[in-house]
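Asker: Quick one, structure for this:
(chains A, B, C and D)
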2 protein chains.
Amino acid sequence: MTDTTPRRRARSQRPPTIIDVAEQAGVSRGTVSRVLQGGRNVSPAARDAVNAAIRKLGYVVNRAARSLVTQRAGSVAFLLSETQDRLFGDPNFTTLLTGCTTALGEHDIPLILITAGTEAERRRIAPFLSAHHVDGVLLISSHRGNPMIDHLHRANLPFVCCGKPLGEHGRLSYVASDDHEGARTMVRHLVESGRRRIATITGPQDTPGGVERLRGYREVLNEHGIDYDRRLVATGDYSRASGESCMQQLLTAVPDLDAVFVASDLMADGALSAIERTGRRVPDDIAVGGFDDSPVATAVQPQLTTIRQHWTRISEMMVRQLLAQIAGEGPATVILPTELVIRESA
Amino acid sequence: MTDTTPRRRARSQRPPTIIDVAEQAGVSRGTVSRVLQGGRNVSPAARDAVNAAIRKLGYVVNRAARSLVTQRAGSVAFLLSETQDRLFGDPNFTTLLTGCTTALGEHDIPLILITAGTEAERRRIAPFLSAHHVDGVLLISSHRGNPMIDHLHRANLPFVCCGKPLGEHGRLSYVASDDHEGARTMVRHLVESGRRRIATITGPQDTPGGVERLRGYREVLNEHGIDYDRRLVATGDYSRASGESCMQQLLTAVPDLDAVFVASDLMADGALSAIERTGRRVPDDIAVGGFDDSPVATAVQPQLTTIRQHWTRISEMMVRQLLAQIAGEGPATVILPTELVIRESA
DNA sequence: CTGAAAGCGCTTACAG
DNA sequence: CTGAAAGCGCTTACAG
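Answerer: You can find the predicted model right below:
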């Protein structure tokens, strides 16, 4: 069986073009195109004829042809500028990704996934971005000093960051949860339930969540006249394992602590294990407050009291901001409220 | 500040085209294009001149223009035809996704992420696929009877499945781990370490992993003259929670079981919790064997003895098969070996 | 409101 | 090995 792959599909089985639609509808290509663009300046009769022809022929616009003339790619990149291991096991990431895909899908805009965790990868994708093979970028990166931001600026490519990019000053868009207020809410909850020796396990101090949640913690303690005690602060990396070891360290340094605010649910899961191993009980001996309300929050025993981040809304707002920028609007910052979810651990 | 967004960038700041390169190199557009295609039938001198011009001008091909003439999209879809919740917390998924992105990136092929978990979504993406807005599809779906497969066939769009699509007979490509042999290896390991009352927590019986791993389990027991006992089989859904409840159920039905082969690490994590709660010890009282070697395998206590799936290789092979099909080759099946990873739990 | 036509930036037979 | 030219399928001023 010789496989004679035709270089092109035969004319007959090629998808219908705007010309076929025009013929079928008895109008010119220009009119068909105008209907495709939304139907401004088209008579109802013509529009109906065109729409009928489109349906009948199963016409779908050829995006390459459209892009060529509009000078728009018609697609958007989801750029993962983060060492990959950070993502594994981070359920927030999947929610964000599918949320953005869905939000873009409603505008018929394909999402192109690009990973740029290493310098080599960044070099490879730079030309792709510079050549405007996408109209804009949803930038996922939590660490300070991301070189991608500069590149995107220079390429004059609209982009929206997920979370506040630390150390950036220029005009740039981002969408973030209110980390600061979220932390305040949780720590207030702990204080108001009578806890006084409140520890915290923070995220990395080169991430906004790491910095802002710690700031909220310190503020609330201060407001309640509780002295800040360095031994009650441990810095994790958002991973389960780091939560566990930070908790061990805290328990050793301050055995009589009665609560801990943990900057992510995953770390809180680890903290739970460490506490349990010492024979202490949650929440009776130690109250544990998490952050994220990710799936692990309800998968652990006891279920986590935590701060919910609305990832679906974050996705939606990122997409909305990006499309607005692509349409010519200037950058903007969107801060989304968080929500205290009380379960069993605090 | 009036924002006068120009509909198009001015000619001067438009990226260079093939014409600019031709001029710069002193050759015709045709010759530039030939160099871009790999340099067949081009004199070394011309090639060098063109490459120098490309570098000097920072030329990057306009993909839309190329697509228009080649009738190829130049991109590939990663189609998630799976209810989304199955993905949350499944670390394999992230590995697969970034693996495919990387493998495609080496061929300069963008990956377009498409979700199609619901009927409504499927309806929306059908025209996109039919119109060949991608050259091929990496299809992620584990459940029997996926309607996407039929659609892709009808659309005459090359595709490769991740895992064996149950209940399909036609000519179709897939890449999968050797579930059957993997399960055999694990159960053999349990038998050879002296276990005799070996239970299993399977995956859903409409997934290949659910079916094949159970089959391997039964075979090995049979080969060792151990009677099959229905009470030793529980069916989970790959989630941590289902592993926990299945394990509870097994321990109630057969209190003296001495091992359990669990069809996923996530379920094994749940099983560990259930066992621990009854005061039994792993592996002393009960040996636990997982499947996947996902990150949770080393995050739990005791660390899981499990069957490693090589997701990076799976990604690579999926991409390779897909590109081969796009180039005209027929479909093929690729089965990748698994590997027993011995840690603490068995 | 509509049609005729130019043009987006490439690739590819074709002729030499 | 190379150039001239047709053509991929759209959009969009332009003229009416």
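Asker: Quick one: name the residues of the stretch 151-300 of chain A near DNA strand C.
Answerer: Not one residue of the stretch 151-300 of chain A sits near DNA strand C, judged by C-beta under 7 Å from any atom of the strand. Bear in mind the C-beta positions are built from the backbone N, C-alpha and C, glycine included.
Asker: where does stretch A:178-185 sit relative to the chain's centre, distance-wise?
Answerer: Taking C-alpha atoms, centre = their mean, to the nearest Å, one finds stretch A:178-185 lying 18 Å from the centre of the chain it belongs to.
Asker: Can you mark which positions in that stretch are buried?
Answerer: Under the neighbour-count criterion of 16 or more other C-beta atoms under 10 Å in any protein chain shown, stretch A:178-185 has A:Asp178, A:Asp179, A:His180, A:Gly182, A:Ala183, A:Arg184, A:Thr185 buried.
Asker: Quickly name whichever of those residues is closest to chain B.
Answerer: Of all the buried residues of stretch A:178-185, chain B sits closest to A:Gly182, with 21.1 Å by C-beta to the nearest C-beta.
Asker: residues in contact with the closest one?
Answerer: Shown in contact with A:Gly182 (C-beta atoms under 8 Å, 6 or more residues apart in numbering or on different chains): A:Arg213, A:Gly216, A:Phe291, A:Ile307, A:Gln309, A:Thr338.
Asker: Secondary structure class of A:Val187, three-state.
Answerer: The three-state label given to A:Val187 by DSSP: H, G, I helix; E, B strand; the rest coil is helix.
Asker: Which residue comes closest to it once chain neighbours are left out?
Answerer: Spatially, and ignoring its direct neighbours in sequence, A:Val187 is nearest to A:Val220 (4.1 Å; C-beta to C-beta, 6 or more residues apart in numbering or on different chains).
Asker: quick one: secondary structure of the one you found?
Answerer: Judged by three-state DSSP, the three-state class of A:Val220 is helix.
Asker: Now do the same contact list for it.
Answerer: A:Val220 neighbours (C-beta under 8 Å, 6+ apart): A:Ala183, A:Arg184, A:Val187, A:Arg188, A:Val191.
Asker: that older thread, tell me which two of the buried residues of stretch A:178-185 sit farthest apart.
Answerer: Comparing all pairs in the buried residues of stretch A:178-185 by C-beta to C-beta, the longest separation belongs to A:Asp179 and A:Thr185, at 10.8 Å.
Asker: Touching both of the two, which residues are there?
Answerer: Shared contacts of A:Asp179 and A:Thr185, defined by C-beta under 8 Å, 6+ apart, comprise A:Thr338.
Asker: Am I right that A:Cys161 is in a helix?
Answerer: No - with three-state DSSP as the criterion, A:Cys161 is located in strand rather than a helix.
Asker: Pull up the gap between it and DNA strand C, please.
Answerer: According to C-beta to the nearest atom of the strand, to the nearest Å, A:Cys161 stands 30 Å off from DNA strand C.
Asker: where's A:Pro337 relative to A:Asp178, distance?
Answerer: Using C-beta to C-beta, to the nearest Å, we find A:Pro337 at a distance of 6 Å from A:Asp178.
Asker: Would you pull up the residue in chain A closest to DNA strand C?
Answerer: DNA strand C sits closest to A:Gly30 of chain A, with a gap of 3.0 Å, by C-beta to the nearest atom of the strand.
Asker: Can you tell me what sits against the helix or strand A:Arg123 falls within?
Answerer: Assigned by DSSP states H and E, A:Arg123 belongs to helix A:119-130. Residues outside helix A:119-130 that contact it (C-beta under 8 Å, 6+ apart): A:77, A:79, A:81, A:114-116, A:134, A:137, A:147-148, A:151-152, A:155, A:157, B:15, B:58, B:60, B:102, B:105, B:110.
Asker: And stretch A:321-337, by the same measure?
Answerer: With contacts defined as C-beta under 8 Å, 6+ apart, stretch A:321-337 is touched by A:76, A:107, A:109, A:135-138, A:158-160, A:164, A:171-178, A:181, A:309-310, A:313-314, A:317, B:3, B:5.
Asker: if we can go back for a sec, among the contacts of A:Gly182, which one sits closest to B:Gln37?
Answerer: Proximity of those to B:Gln37 (C-beta to C-beta) peaks at A:Gln309, which lies at 48.0 Å.
Asker: Report the contact partners of that closest one.
Answerer: Neighbours of A:Gln309 in contact, by C-beta under 8 Å, 6+ apart: A:Asn92, A:Ser177, A:Gly182, A:Phe291, A:Asp292, A:Asp293, A:Leu336, A:Thr338.
Asker: still on that earlier bit, please tabulate the contacts of A:Val220 in JSON lines, including the columns pLDDT.
Answerer: Listed next are the contacts of A:Val220 as JSON lines, based on pLDDT from 0 to 100:
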{"residue": "A:Ala183", "pLDDT": "98"}
{"residue": "A:Arg184", "pLDDT": "98"}
{"residue": "A:Val187", "pLDDT": "98"}
{"residue": "A:Arg188", "pLDDT": "98"}
{"residue": "A:Val191", "pLDDT": "97"}
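Asker: would you list every one of the strands in the stretch 201-346 of chain A?
Answerer: Counting by DSSP state E, counting those that start in this stretch, the stretch 201-346 of chain A has strands at residues A:233-235, A:259-262, A:287-289, A:306-308, A:333-336, A:339-341.
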